[in-house]
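Q: sequence first, then the predicted structure, then my questions.
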Amino acid sequence: MSITLILIILTSGISIYAWSHPNLLDRWIFHPFSVNKKNQWYRFVTSGFLHADWTHLFFNMLSLYFFGGVVERVFMSNFGYEMGIALYLLIYLGGMIVADVPTYMKHKKDVDYRALGASGAVSAVIFSGILFNPLNSICLFAFICMPGFIFGLLYLIYSYYEAQRMGGAINHSAHFYGAIFGFVLSFLLVDGAGLNFIEQIRGWRIF
(Lines give C-alpha, C1' and ligand atoms only; values in the text may rest on other atoms or scores of the structure.)
Protein backbone atom coordinates (compact mmCIF):
# COMPACT_ATOMS: atom_id res chain seq x y z
CA MET A 1 0.00 0.00 0.00
CA SER A 2 1.36 3.42 -0.94
CA ILE A 3 2.18 5.97 1.74
CA THR A 4 -0.24 8.37 0.04
CA LEU A 5 -3.12 5.96 0.53
CA ILE A 6 -2.08 5.36 4.13
CA LEU A 7 -2.10 9.13 4.78
CA ILE A 8 -5.55 9.44 3.21
CA ILE A 9 -6.98 6.59 5.29
CA LEU A 10 -5.34 7.84 8.50
CA THR A 11 -6.44 11.45 7.99
CA SER A 12 -9.97 10.48 7.03
CA GLY A 13 -10.33 8.14 9.99
CA ILE A 14 -9.03 10.65 12.52
CA SER A 15 -11.13 13.49 11.09
CA ILE A 16 -14.35 11.44 11.15
CA TYR A 17 -13.61 10.17 14.67
CA ALA A 18 -12.93 13.70 15.94
CA TRP A 19 -16.29 14.98 14.67
CA SER A 20 -18.03 12.89 17.33
CA HIS A 21 -15.31 13.35 19.97
CA PRO A 22 -15.01 17.11 20.61
CA ASN A 23 -12.47 16.61 23.39
CA LEU A 24 -10.00 15.15 20.89
CA LEU A 25 -10.77 17.92 18.42
CA ASP A 26 -10.08 20.52 21.09
CA ARG A 27 -6.80 18.88 22.14
CA TRP A 28 -5.48 18.44 18.60
CA ILE A 29 -6.68 21.55 16.77
CA PHE A 30 -4.11 24.22 15.92
CA HIS A 31 -4.44 26.76 18.74
CA PRO A 32 -1.46 29.15 18.63
CA PHE A 33 -2.25 30.53 22.09
CA SER A 34 -1.92 27.05 23.66
CA VAL A 35 1.25 26.39 21.70
CA ASN A 36 2.73 29.62 23.01
CA LYS A 37 1.53 29.41 26.61
CA LYS A 38 1.56 25.65 27.20
CA ASN A 39 4.30 24.52 24.78
CA GLN A 40 1.83 22.25 22.95
CA TRP A 41 3.96 22.09 19.83
CA TYR A 42 2.42 18.80 18.77
CA ARG A 43 -0.59 20.80 17.51
CA PHE A 44 1.42 21.79 14.42
CA VAL A 45 1.11 18.14 13.31
CA THR A 46 -2.08 16.85 14.92
CA SER A 47 -4.18 19.68 13.47
CA GLY A 48 -3.21 18.49 9.99
CA PHE A 49 -5.13 15.25 10.56
CA LEU A 50 -8.35 17.09 11.42
CA HIS A 51 -10.91 18.62 9.07
CA ALA A 52 -13.94 20.80 9.60
CA ASP A 53 -16.45 18.79 7.54
CA TRP A 54 -16.90 16.32 4.68
CA THR A 55 -16.30 18.92 1.97
CA HIS A 56 -13.03 20.10 3.56
CA LEU A 57 -11.85 16.52 3.98
CA PHE A 58 -12.94 15.38 0.51
CA PHE A 59 -11.17 18.08 -1.49
CA ASN A 60 -7.93 17.84 0.49
CA MET A 61 -7.79 14.05 0.22
CA LEU A 62 -8.80 14.05 -3.45
CA SER A 63 -5.97 16.49 -4.23
CA LEU A 64 -3.54 14.37 -2.22
CA TYR A 65 -4.65 11.25 -4.09
CA PHE A 66 -4.04 12.76 -7.54
CA PHE A 67 -0.67 14.37 -6.76
CA GLY A 68 0.72 12.25 -3.96
CA GLY A 69 1.26 9.11 -6.00
CA VAL A 70 3.27 10.99 -8.62
CA VAL A 71 5.49 12.70 -6.05
CA GLU A 72 5.91 9.48 -4.11
CA ARG A 73 7.12 7.62 -7.22
CA VAL A 74 9.58 10.38 -8.16
CA PHE A 75 11.23 10.26 -4.74
CA MET A 76 11.36 6.47 -4.71
CA SER A 77 12.87 6.30 -8.20
CA ASN A 78 15.55 8.84 -7.23
CA PHE A 79 16.35 7.71 -3.68
CA GLY A 80 15.13 4.15 -3.30
CA TYR A 81 12.13 2.83 -1.40
CA GLU A 82 12.91 3.68 2.22
CA MET A 83 14.65 7.02 1.64
CA GLY A 84 12.01 7.94 -0.95
CA ILE A 85 9.23 7.43 1.60
CA ALA A 86 11.17 9.40 4.23
CA LEU A 87 11.65 12.36 1.88
CA TYR A 88 8.05 12.23 0.72
CA LEU A 89 6.93 12.39 4.36
CA LEU A 90 9.35 15.27 4.85
CA ILE A 91 7.52 17.16 2.10
CA TYR A 92 4.11 16.32 3.55
CA LEU A 93 4.72 16.74 7.28
CA GLY A 94 7.23 19.54 6.75
CA GLY A 95 4.66 21.40 4.66
CA MET A 96 2.10 20.85 7.40
CA ILE A 97 4.39 22.45 10.00
CA VAL A 98 6.00 25.22 7.96
CA ALA A 99 2.65 26.36 6.58
CA ASP A 100 1.42 27.13 10.09
CA VAL A 101 4.50 29.00 11.32
CA PRO A 102 3.39 32.42 9.98
CA THR A 103 -0.09 31.78 11.41
CA TYR A 104 1.44 30.94 14.77
CA MET A 105 3.54 34.11 14.80
CA LYS A 106 0.49 36.19 13.94
CA HIS A 107 -2.00 34.61 16.34
CA LYS A 108 0.07 33.31 19.28
CA LYS A 109 -1.55 35.85 21.63
CA ASP A 110 -5.03 35.39 20.20
CA VAL A 111 -6.93 33.09 22.55
CA ASP A 112 -9.87 32.70 20.15
CA TYR A 113 -8.01 31.73 16.98
CA ARG A 114 -8.08 28.08 15.87
CA ALA A 115 -7.29 26.31 12.62
CA LEU A 116 -7.29 22.77 11.27
CA GLY A 117 -6.77 20.83 8.07
CA ALA A 118 -4.09 19.32 5.86
CA SER A 119 -4.15 22.15 3.31
CA GLY A 120 -0.55 23.23 3.96
CA ALA A 121 0.72 19.67 3.59
CA VAL A 122 -1.40 19.00 0.51
CA SER A 123 -0.26 22.27 -1.08
CA ALA A 124 3.34 21.18 -0.52
CA VAL A 125 2.68 17.91 -2.37
CA ILE A 126 0.77 19.63 -5.18
CA PHE A 127 3.62 22.06 -5.84
CA SER A 128 6.19 19.29 -5.65
CA GLY A 129 4.14 17.58 -8.36
CA ILE A 130 4.01 20.79 -10.41
CA LEU A 131 7.80 21.03 -10.24
CA PHE A 132 8.19 17.51 -11.60
CA ASN A 133 5.40 17.74 -14.21
CA PRO A 134 4.65 21.42 -14.93
CA LEU A 135 2.70 20.70 -18.11
CA ASN A 136 0.26 18.21 -16.61
CA SER A 137 -3.25 19.66 -16.78
CA ILE A 138 -5.02 20.69 -13.61
CA CYS A 139 -8.77 21.19 -13.92
CA LEU A 140 -11.00 23.44 -11.84
CA PHE A 141 -14.66 22.47 -11.59
CA ALA A 142 -13.89 19.61 -14.03
CA PHE A 143 -13.86 21.81 -17.14
CA ILE A 144 -11.48 24.76 -16.64
CA CYS A 145 -8.13 23.10 -17.37
CA MET A 146 -4.64 24.56 -17.61
CA PRO A 147 -1.00 23.46 -17.34
CA GLY A 148 0.17 22.93 -13.78
CA PHE A 149 2.70 25.78 -13.82
CA ILE A 150 0.00 28.30 -14.79
CA PHE A 151 -2.36 26.93 -12.16
CA GLY A 152 0.46 27.15 -9.61
CA LEU A 153 1.17 30.78 -10.40
CA LEU A 154 -2.51 31.72 -10.16
CA TYR A 155 -2.85 29.72 -6.95
CA LEU A 156 0.05 31.58 -5.31
CA ILE A 157 -1.24 34.99 -6.38
CA TYR A 158 -4.74 34.21 -5.13
CA SER A 159 -3.55 32.70 -1.83
CA TYR A 160 -1.23 35.63 -1.14
CA TYR A 161 -3.93 38.19 -1.93
CA GLU A 162 -6.53 36.45 0.24
CA ALA A 163 -4.03 36.03 3.09
CA GLN A 164 -3.35 39.76 3.04
CA ARG A 165 -7.05 40.53 2.85
CA MET A 166 -7.77 38.10 5.70
CA GLY A 167 -11.22 37.36 4.34
CA GLY A 168 -13.30 34.32 5.26
CA ALA A 169 -12.49 31.37 7.47
CA ILE A 170 -9.89 29.75 5.17
CA ASN A 171 -6.24 29.99 6.18
CA HIS A 172 -4.86 31.09 2.80
CA SER A 173 -1.49 31.81 4.40
CA ALA A 174 -1.05 28.07 5.04
CA HIS A 175 -1.83 27.33 1.39
CA PHE A 176 0.77 29.85 0.22
CA TYR A 177 3.64 28.84 2.51
CA GLY A 178 2.95 25.12 2.17
CA ALA A 179 3.12 25.46 -1.62
CA ILE A 180 6.39 27.40 -1.50
CA PHE A 181 7.90 24.88 0.91
CA GLY A 182 6.99 21.87 -1.24
CA PHE A 183 8.31 23.41 -4.45
CA VAL A 184 11.59 24.69 -2.99
CA LEU A 185 12.43 21.57 -0.99
CA SER A 186 11.71 19.29 -3.95
CA PHE A 187 13.89 21.54 -6.13
CA LEU A 188 16.74 21.19 -3.64
CA LEU A 189 16.37 17.45 -3.14
CA VAL A 190 15.98 16.13 -6.69
CA ASP A 191 18.91 16.72 -9.02
CA GLY A 192 17.90 18.22 -12.33
CA ALA A 193 14.32 18.96 -11.23
CA GLY A 194 14.74 22.70 -11.74
CA LEU A 195 16.31 22.33 -15.19
CA ASN A 196 13.64 19.85 -16.24
CA PHE A 197 10.95 22.28 -15.02
CA ILE A 198 12.40 25.14 -17.12
CA GLU A 199 12.89 22.99 -20.22
CA GLN A 200 9.32 21.70 -20.13
CA ILE A 201 7.92 25.22 -19.79
CA ARG A 202 10.13 26.44 -22.66
CA GLY A 203 8.67 23.79 -24.90
CA TRP A 204 5.07 24.62 -24.04
CA ARG A 205 2.87 26.21 -26.64
CA ILE A 206 -0.65 27.46 -26.07
CA PHE A 207 -1.72 26.19 -29.53
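A: Done, it's in.
Q: and the strand or helix carrying Ser186, which residues are buried?
A: Using DSSP states H and E, Ser186 sits in helix 172-189. Under the neighbour-count criterion of 16 or more other C-beta atoms under 10 Å, helix 172-189 has 172-183, 185-186, 189 buried. (Each C-beta comes from the backbone N, C-alpha and C, glycine too.)
Q: quick one: the strands in this protein?
A: Counting by DSSP state E, the chain has strands at residues 137-140, 144-147.
Q: for the first one, the distance to its chain's centre please.
A: On the basis of C-alpha atoms, centre = their mean, to the nearest Å, strand 137-140 is displaced by 17 Å from the centre of the chain it belongs to.
Q: residue numbering should commence at 12 henceforth.
A: Noted, 12 is the first residue going forward, which turns the last one into strand 148-151.
Q: tell me the buried residues in that strand?
A: The neighbour-count check on strand 148-151 (16+ other C-beta under 10 Å) flags Ile149 as buried.
Q: show residues contacting that strand.
A: If you take C-beta atoms under 8 Å, 6 or more residues apart in numbering as the criterion, strand 148-151 is touched by 156-159, 162.
Q: kindly report the same for stretch 28-45.
A: Contacts of stretch 28-45 (C-beta under 8 Å, 6+ apart): 51, 54-55, 57-58, 60-61, 111, 114-115, 117-122, 124-127.
Q: same check on stretch 176-196?
A: For stretch 176-196, using C-beta under 8 Å, 6+ apart, the contacting residues are 101-102, 105-107, 109-114, 117, 126, 128, 130-139, 141-142, 163, 166-167, 169-171, 173-174.
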